[in-house]
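> Mind looking at a prediction? Sequence and model below.
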Amino acid sequence: MPETPTDQRHRRRLDTSSPVVWAAAALLVLLVFNAVVNPGFFSLRIQDGHLFGSPVDVLKNVAPTLLIAVGMTLVIATRGIDLSVGAVLAISGAVSFTIIDGSPDPTSAGTAAVAIGTALAVGLVLGAWNGFLVSVVGIQPIIATLVLMTAGRGLAMLVTDGQIITAENPAFDWLGGGFVLGLPAQVVLTLLVLLVVAALTRRTALGTLIEAVGTNPEAARLAGVRSRSITWTVYVFVAFTAAVAGLMTNANVSAADANRAGLFIELDAILAVVIGGTSLAGGRYSLTGTVLGALILQTLTTTTLTMGLPDEYVRLFKAVVIIAVFLLQAPRIRAALGRRRRSARTTTSPAVPLPPTTGDDARPLSPTATEPATVPTTEPAGERTAEPATASTTDQGALR
Amino acid sequence: MSTAAPLPPAAPVVEMSGITIEFPGVRALDGVGLRLFPGEVHAVMGENGAGKSTLIKALTGVYRYDAGTVTVDGVEQHFATPADAQAAGISTVYQEVNLCPNLTVTENIVLGREPRKRGSIDRRASRERARRVLGELNLDLDPGSVLGRYPIALQQLVAIARAVDTDAKVLVLDEPTSSLDAGEVAELFRVVRALRDRGVAILFVSHFLDQVYEISDRMTVLRNGRLVAEHRTAELPRLQLVQEMIGRELSTLEHLEREAAQDTPTDAVPRLRARGLGRTGAIAPTDLDVHAGRVTGLAGLLGSGRTELTRLLFGADRASAGTVEVDGRPVRLRTPRTAIAEGIAFCSEDRKGEGVVGDLTVRDNVLLALQARRGWLRRIPRKQGDELVARYIKALDIRPAHPDALIRNLSGGNQQKVLLARWLLTEPRLLLLDEPTRGIDIGAKAQIQALVSQLASEGMSVVFVSAELEEVLRISDRITVLRDHRTVADLDGSTATLDSVVDLIASGGDRA
Amino acid sequence: MTATETDTGAAPAPAPERPTRSAGKAAYAWLRRTDTGSSTFSVAVTAVLLVVLFGAGTLRYENFGYPQVALNLLVDNAHLIVLAVGMTFVILTGGIDLSSGAVVALSTVIAASLLEKGWAAPLVIVLVLAVGTLLGWAMGAAVHHLQLQPFIVTLAGMFLARGLCFVISEPSIPIRDDLFTGLAQDVIELPGNTYLTYGVVIALVVVAVAVYVLHRTRFGRTVYAIGGNEQSAGLMGLAVGRTKVAVYAISGFCSALGGLLFSLYILSGWSLHAIGMELDAIAAVVIGGTLLTGGSGLVVGSLLGVLVLGTIQSLISFDGGLSSWWTKITIGVLLLVFVVVQRLSTRSKP
């Protein structure tokens, strides 16, 4: 009896070579480690109807990064990257508190609404700017967003006039310390966004189209996909998430610090996405993976701190984790390459009934590299590496 | 005609014999031999899948061969890398000109072998060497200019200059004239003749029959991975060459009967009418009419412009001249989206680069074009999608019949069927099929041809491009013959014969 | 002026006869045509920008027009110059190195802690350079042999280096070693009551060596070739793998050297030094005319790029009224302009 589609999908998900599975395993290891080293780690207590405890702290601390990482996942899926999210975070935070600080009635709901609305609008505009540079002007995403990353901090400082702006507003107080259904407000907010994005991308065709654009932009174009709009939109969205994260950050400390808000958050977000299995070269993405990746990074941080180690060690551990993840992924890549290397000398799919057809066609105006598969580097090792070299040298996506 | 070279010296500079290369499931080369003599231009001829490229790669160290020998100057060689082949005196100029466009002409010529003085590169000596080599070939290029500023034609000549600088004994030119215009080809041939006269053995791969006859002294014909024959060019009539290339295997497929429905009068407004449609460097201005319920076949050898023309009909490339009318309305086919909106579908022959979205499943690939047309918001309902996909999987016999399999794990032939399904799903009014049966076994081929025929009887217009002339003849109502980037004839499908088409391709209709 | 002359007797494509064409146009045509030309063009633009900025400063601020102000650009940014040189090598091959700043910090921390323990200064210097080079080499190997993306590999390198800093020492360590303090305080007197530090000399030597290597050695030409078309470079028989690994090692070395120069400048080792310095280096390289896609650019351009950044910094600090964050905004804008111009000019290439 033929397998139903759900069987197939289910089986595919448990595929042990899936990076998501590896990420889940890594998280599990971390949690187990925690349980051993910090016996009190998993203890939760309920107080005033709210949950408290280390796991809750982890979730709360991961919220801004995870939020941005969700947006970053979609950007990376289109073969792009966004380095400016930290700056956008700082700018929106700065804008919101400057408005509150400068308003006649700082604690009113109306002021909060204006502040929040403006901050989010600013985020959208900045995202549109990035999207414009990438999808219309055609600048590489890494450098296009580097511009805003560089200038952005300055802009944020300009907005706050170099000061750290403190403000008290019930809306932000709630965002910083409030609870919804027992969980911190930020966690719920992030969860909400995550669910909306998951629904939006998986219940509509958007996710598939994004993956198509990232995997094979030309095929997508020829199939009639609106690549330009899709690319533009993901940059707008990630900036939006950065703006929300900016509001969260402000709320946490009841202050807008343009200098330090969101410092390095882009790196954490990118790492979360990559650890979760989405490739920087674009294509398939996994929101689940991103969530796991973010949790891994945050658990790492919290574990280190709970163990009493200075938080500087966190960075070292992060490096170790990244290196471990890549070493794990790289040999897998190599092993997979090895299998294909032995069986076929070309990049066309394995069991071709007729000889490979690449290289026999003349298409004058698109002199694509028809024989990329067998370009060896002149390594003294002598082994002829029939590597699908185009994949690494030309498909570096955001980074070339 | 090539200038008559004297009888070749007894010993070839390169001799390949018994070369066999196998890929999983297919033998790309089966005991093929090749002899290159110094001072000769030797053309390797063969259709798609004949094994030309594979043979060249075996010679130049890109592929390993499973059996056979390669001897250079009488000494047996085993090249592990292209660098080895280069060191043995075999230089290759690839179709995409593998040089570094950001470096100067001089640097490209001497790169990796720069003259040195006291440990550092001697720029003056480099320039002198480059100047000398360019002078030997009578190329008036400024050695100090950046290579990228020159058109491909000149870059190619620089690649040849580099080969000369390495004192190459054998120069392999892989499709050197695909992107060149007549003047540039003439210049290239001048250089090639100069090299030939110096004693270099030149291996020339090209689809352009006229050029091959003009420049080569000797030809080797391959078909289906086997050596058909080696001839002296002057002794090989074109017709015989084309026949050897294409083969006269009897078709095992029945001639397709078609319903009377397609005797619709041809004065009906054509579904698509192209007038003077062309693109500089790709295809000369062409007229084409495609009627509803008719299959128009584009016949011609590879490189004749069939794909280029088809792409123009889809807006995949922008035309530089000409007009297109759909159902009598003028349209500007700027982008694929425009064409799709007009009910045109295009199944590309470059399935890997322009069709298959590797990371997605079969299902997603099949539904892609339809979904793109609906927009991102209105997702095709699960059930409807499943049904459609299942229907086409069955109709086209796609294997494995699992919609959730990743398309990259399917064989090439099945991938092709998935792409076909993608476009059929959009229920186009004009279907452009570029090599839709390439890489598909004979049974499946028949299925697809029958499908096309059926679609046509139901009113779809089809443009069918294929390198297999029998196939084109079998299903086309009208046949447009192309050659060397221009149309040479327009035939009635029911009266055309293989011989007549082959003849047109060989002689171009206007040249003996 | 493109050479399309053929020998077949057909009329050669004539260069339009313009006997009265101005020397300026001829020069411009030469610039656009030749290799040295097009890179020189970009660098010339940067140089002009530098002069304009400096000139504007001189006009606007009273004390700006002194030679020492100009020389201070070199004095204050010697470390960044060295960093930018290393970054240029990597970017020329189409890669990127995000670990530079972290390696700078690591160098200061290693140096400071070892000196504090009484190690001899020359030994410390050698060790620091070795560590930087080794780290760079490891990253290069990961990029090439494991085929991982430079962005991620060097990001990991950055985290690793910063992490190591913290492991070695948490608080900042002052450097009191004689050699270091001596080098830091000694100056080379120049006529006109101006001076330069030894750090500047080292930086300029590094630039000179880099220019020589990139333009006069096979290795250097291979670097450019890889950036132009890596596949072709391989087919042409160049040692692509070795070269790719080497450029990251060079960048590591330069980061370590830059770290030593920085430690002369600041006389302390601290794990939070040089945060974001790699981005300054990248900005300098881009402003200096080097393409991020690789294959085109001059080291001299990166040097000028650093000076441009320094000038902007000086301009802003001279102006009491402008807040220092205008620096960032200006640099961002400059980066944008250069990148857009690069994009438009590559688009219009034949």
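Good, I have the coordinates.
> quick one: residue A:281 and residue A:79 touch, right?
Yes: if you go by C-beta atoms under 8 Å, residue A:281 and residue A:79 touch, sitting 6.5 Å apart. Every C-beta, even on glycine, is put in place using the N, C-alpha and C of the backbone.
> Those two: who's more crowded?
Higher neighbour count among residue A:281 and residue A:79: residue A:79, with 23 against 20, using other C-beta atoms under 10 Å in any protein chain shown.
> Spell out which residues of the stretch 251-350 of chain C are next to chain A.
Within the stretch 251-350 of chain C, the positions near chain A by C-beta under 8 Å from any C-beta of the partner chain are C:271, C:279, C:282-283, C:286, C:292-294, C:323, C:325-333, C:335-336, C:339-340, C:343, C:347.
> the helices in the stretch 401-512 of chain B, which residues?
Along the stretch 401-512 of chain B, the segments classed as helices by DSSP state H, counting those that start in this stretch run B:412-424, B:442-457, B:469-475, B:498-507.
> Which of these sits closest to chain C?
Closest to chain C of these is helix B:412-424 (C-beta to the nearest C-beta; 23.4 Å).
> Give the rounded mean pLDDT of stretch A:321-341.
Averaging pLDDT along stretch A:321-341 gives 61.
> All the strands of the stretch 251-350 of chain C, in order from the start?
C:268-269 (DSSP state E, counting those that start in this stretch).
> low-confidence ranges in the chain?
This is for chain A. A:1-18, A:311-312, A:328-400 (pLDDT under 70).
> was after chain C, sorry
Counting by pLDDT under 70, chain C contains low-confidence ranges at C:1-24, C:26-38, C:346-350.
> Going by residue numbers, what spans are strands in it?
For chain C, the strands defined by DSSP state E cover C:173-174, C:187-190, C:194-197, C:268-269.
> follow-up on the earlier one: now tabulate the helices of the stretch 401-512 of chain B in a markdown table and tack on mean neighbour count and distance to residue C:255.
Formatted as a markdown table, these follow (neighbours: other C-beta atoms under 10 Å in any protein chain shown; distance: least, C-beta to C-beta, whole Å):
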| stretch | mean neighbour count | distance to residue C:255 |
| --- | --- | --- |
| helix B:412-424 | 25 | 47 |
| helix B:442-457 | 18 | 59 |
| helix B:469-475 | 22 | 62 |
| helix B:498-507 | 19 | 63 |
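> Quick one, which of the residues of the stretch 251-350 of chain C next to chain A are buried?
Buried members of these, scored by 16 or more other C-beta atoms under 10 Å in any protein chain shown, are C:271, C:279, C:282-283, C:286, C:292-294, C:325-332, C:335-336, C:339, C:343.
> Which elements pack onto the host helix or strand of residue B:133?
In the assignment (DSSP states H and E), residue B:133 maps to helix B:123-136. Contacts defined by 3 or more C-beta pairs under 8 Å, 6 or more residues apart in numbering or on different chains; DSSP states H and E place helix B:123-136 against helix B:105-110, helix B:152-165.
> Out of the ones you listed, which gets the lowest mean score?
Taking each of the helices and strands packed on helix B:123-136 in turn, the lowest mean pLDDT turns up on helix B:152-165, with a mean of 88.
> In terms of secondary structure, what does it contact?
Using 3+ C-beta pairs under 8 Å, 6+ apart: helix B:152-165 touches strand B:90-93, helix B:105-110, helix B:123-136, strand B:170-174, helix B:182-197.
> Dump these into JSON lines; add distance to residue A:213 as well.
Shown next, in JSON lines, are the helices and strands packed on helix B:152-165 (distance: least, C-beta to C-beta, whole Å):
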{"stretch": "strand B:90-93", "distance to residue A:213": "35"}
{"stretch": "helix B:105-110", "distance to residue A:213": "35"}
{"stretch": "helix B:123-136", "distance to residue A:213": "44"}
{"stretch": "strand B:170-174", "distance to residue A:213": "33"}
{"stretch": "helix B:182-197", "distance to residue A:213": "37"}
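> any idea which residue sits dead centre in chain C?
Central residue of chain C (C-alpha atoms, centre = their mean): residue C:84, 1.8 Å from the mean position.
> Is it correct that that one is in contact with residue C:283?
No: assessed by C-beta under 8 Å, residue C:84 is found out of contact with residue C:283, at 9.1 Å.
> who touches both of these two?
residue C:305 (C-beta atoms under 8 Å, 6 or more residues apart in numbering or on different chains).
> Hmm, residue A:315 is touching residue C:159, no?
Yes: between residue A:315 and residue C:159 there is a contact at 5.2 Å, judged by C-beta under 8 Å.
> name the element residue B:100 belongs to?
Per DSSP H and E, there is no helix or strand for residue B:100.
> if I look at it, how far off is residue B:151?
16 Å (C-beta to C-beta, to the nearest Å).
> Please say which of those two ends up with more neighbours.
Taking neighbours as other C-beta under 10 Å, residue B:100 and residue B:151 compare with residue B:100 leading, 27 against 15.
> which residues touch that one?
Residue B:100 makes contact with B:107, B:108, B:111, B:147, C:224, C:225, C:228, C:229, C:232, C:233, C:236, C:295, according to C-beta under 8 Å, 6+ apart.
> Spatially, which residue comes closest to residue A:78, not counting chain neighbours?
residue A:214 (4.7 Å; C-beta to C-beta, 6 or more residues apart in numbering or on different chains).
> Quick one: neighbours of that neighbour, just the number.
Number of residues near residue A:214 (other C-beta under 10 Å) recorded here: 30.
> Touching, it and residue A:280? I think so.
No: Residue A:214 lies out of contact with residue A:280 (C-beta under 8 Å); the separation is 10.2 Å.
> Over to stretch B:232-246 now: how far is its first residue from its last?
For stretch B:232-246, the first-to-last residue distance is 19 Å (C-alpha to C-alpha, to the nearest Å).
> Does chain A have contacts with that stretch?
No: between stretch B:232-246 and chain A, judged by C-beta under 8 Å from any C-beta, nothing touches; the nearest distance is 12.6 Å.
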